[in-house]
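Enquirer: task: produce atomic coordinates for the following.
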Amino acid sequence: MSDDDRVTGGMSATTARAIESSIITLCIATLVFIFQPFSKWLSGLGMGLVVFAGLAFNLVPLCEPGRPVRDLLRVALIIAIIFVVVFGLAVTSAWLYGEYLKATR
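Expert: Numbers count the residues shown, from 1 in each chain. Next up, the predicted model:
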């Protein structure tokens, strides 16, 4: 590693660049999966991954040399918790709407 890649107390420039590139590559792959015309399975996979990639894209601004990895992991955990809460609310509201429709028949 060169002296430019070493930053005391946080991610190196190489690590930050690798994480950022991985997230962007995931986003691009997701779009390719969705819009490819050959496989319904890949399209379905892309549609599922688009939510994950969109949430992961929120981590890109934190991919800076010198920023502790702990900050990145903490924000990823917060995003995951928010996703689980919103998913739970969505499933619960769909279930309640189904119960409402059954009751009104």
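Enquirer: quick one: low-confidence parts of this structure?
Expert: Scanning the chain for pLDDT under 70 picks out 1-8.
Enquirer: which residues of it fall in helices?
Expert: 13-35, 40-56, 69-103 (DSSP state H).
Enquirer: I'd like those written out as TSV, with mean neighbour count added.
Expert: Quick note: C-beta positions are derived from backbone N, CA and C, even for glycine. TSV is the format used below for those (neighbours: other Cβ atoms under 10 Å):
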stretch	mean neighbour count
helix 13-35	15
helix 40-56	14
helix 69-103	11
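Enquirer: could you dump these to TSV with distance to residue 63?
Expert: Formatted as TSV, the helices of the chain follow (distance: least, Cβ to Cβ, whole Å):
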stretch	distance to residue 63
helix 13-35	4
helix 40-56	11
helix 69-103	7
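Enquirer: and those: which comes nearest residue 62?
Expert: Nearest to residue 62, of all the helices of the chain, is helix 69-103, at 5.0 Å by Cβ to Cβ.
Enquirer: off-centre distance for that closest one?
Expert: Helix 69-103 has its C-alpha centroid displaced from the chain centroid by 14 Å (Cα atoms, centre = their mean, to the nearest Å).
Enquirer: what's in contact with stretch 34-49?
Expert: Outside stretch 34-49, the residues that touch it by Cβ atoms under 8 Å, 6 or more residues apart in numbering are 26, 29-33, 50.
Enquirer: any idea which of these is closest to residue 98?
Expert: Using Cβ to Cβ, residue 50 is the member of those that sits closest to residue 98, with 25.5 Å.
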